[in-house]
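Sequence first, predicted model second:
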Amino acid sequence: MSFEPRWRASTEYCAWLYYTPDEKFEMSMLVESTVTSPPDAQGERGCSMPAFVNDKRYPLQRLRHVYVLHNHPAVPTQLSRKDIAAIAKVARIHGEFVETKEGKIPVGIVAFFSNSYASNPTACDGFFEYGMGNNEVVKWTPDGQGKWRRENAGTVTWISKTEFRFDPK
């Protein structure tokens, strides 16, 4: 299948990974993409998710938002400037770090991707990760034995709380 039909059929999903008062990590319900762009618009889709998780088991102010999880459909692209800007906005709303029983974790963003263009694509060939306070974007991919391999995928240099330079590799 060529790129354009894959693009038309693709959907971006997003969700929160959050930390509960019970000291557990949970994932919110998935939100399906409502933002679309033509295939020539830098190969990006968007996902507009709520700023806060609504988990009726806990008071809203007790939940800690840790990671924005989303996929990059149709093409295995790097994190974008839009992704980095989104996590900066999350940090302004929820703080740059979350205290857990394991220690302090920076809020971050993850983008899952598949390299497959077959009619039966693989579920996940890896993901990109960025956490606030770091200057490195990391690409994680499994090796032949199923172990995750870490690779530098770019650098983020913060100029101010809202301005940054992103240099993907």
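Looks like it came in fine.

Mind picking out the helix or strand in this structure with the poorest mean pLDDT?
None of the helices or strands of the chain scores lower by mean pLDDT, DSSP states H and E than helix 3-9, at a mean of 62.

Following the chain past that helix, name the next helix or strand.
From helix 3-9 onward toward the C-terminus, using DSSP states H and E, the following helix or strand is strand 13-19.

What pairs with that following strand, parallel or antiparallel?
strand 25-27 (antiparallel), strand 31-32 (antiparallel), strand 64-71 (antiparallel) (DSSP bridges).

Quick one: residues in contact with it.
25-33, 47, 49, 53, 55, 63-71, 98, 100, 105, 110 (CB atoms under 8 Å, 6 or more residues apart in numbering). Heads up, the C-betas are built off the backbone N, CA and C, glycines and all.

Swap in 7 Å and give it another go.
25-33, 47, 49, 53, 63-71, 98, 100 (CB atoms under 7 Å, 6 or more residues apart in numbering).

Can you list the low-confidence ranges for this structure?
Across the chain, residues meeting the criterion (pLDDT under 70) sit at 1-10, 33-45, 73-76, 116-123.

Tell me which stretches of it form strands.
Assigned by DSSP state E, the chain shows strands spanning 13-19, 25-27, 31-32, 64-71, 97-100, 103-106, 108-113, 126-131, 136-142, 148-158, 164-168.

Nearest to residue 81, out of the ones you listed?
Among the strands of the chain, strand 164-168 comes nearest to residue 81, with 5.4 Å by CB to CB.

What residues of the closest one count as buried?
residue 166 (16 or more other CB atoms under 10 Å).

May I have that strand as PDB, with CA atoms only?
Provided in PDB are the C-alpha atoms of strand 164-168 (Å, rounded to 0.1, in the frame of the first residue of the first chain):
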ATOM      1  CA  PHE A 164      13.500  25.800  22.800                       C
ATOM      2  CA  ARG A 165      15.600  24.600  20.000                       C
ATOM      3  CA  PHE A 166      15.100  21.000  18.800                       C
ATOM      4  CA  ASP A 167      17.800  19.300  16.700                       C
ATOM      5  CA  PRO A 168      16.700  15.900  15.600                       C
END
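
Could you tell me how many residues sit around the closest residue to residue 142 other than its chain neighbours?
Nearest non-adjacent residue to residue 142, counting by CB to CB, 6 or more residues apart in numbering: residue 148, 5.9 Å away. By other CB atoms under 10 Å, the residues close to residue 148 number 10.
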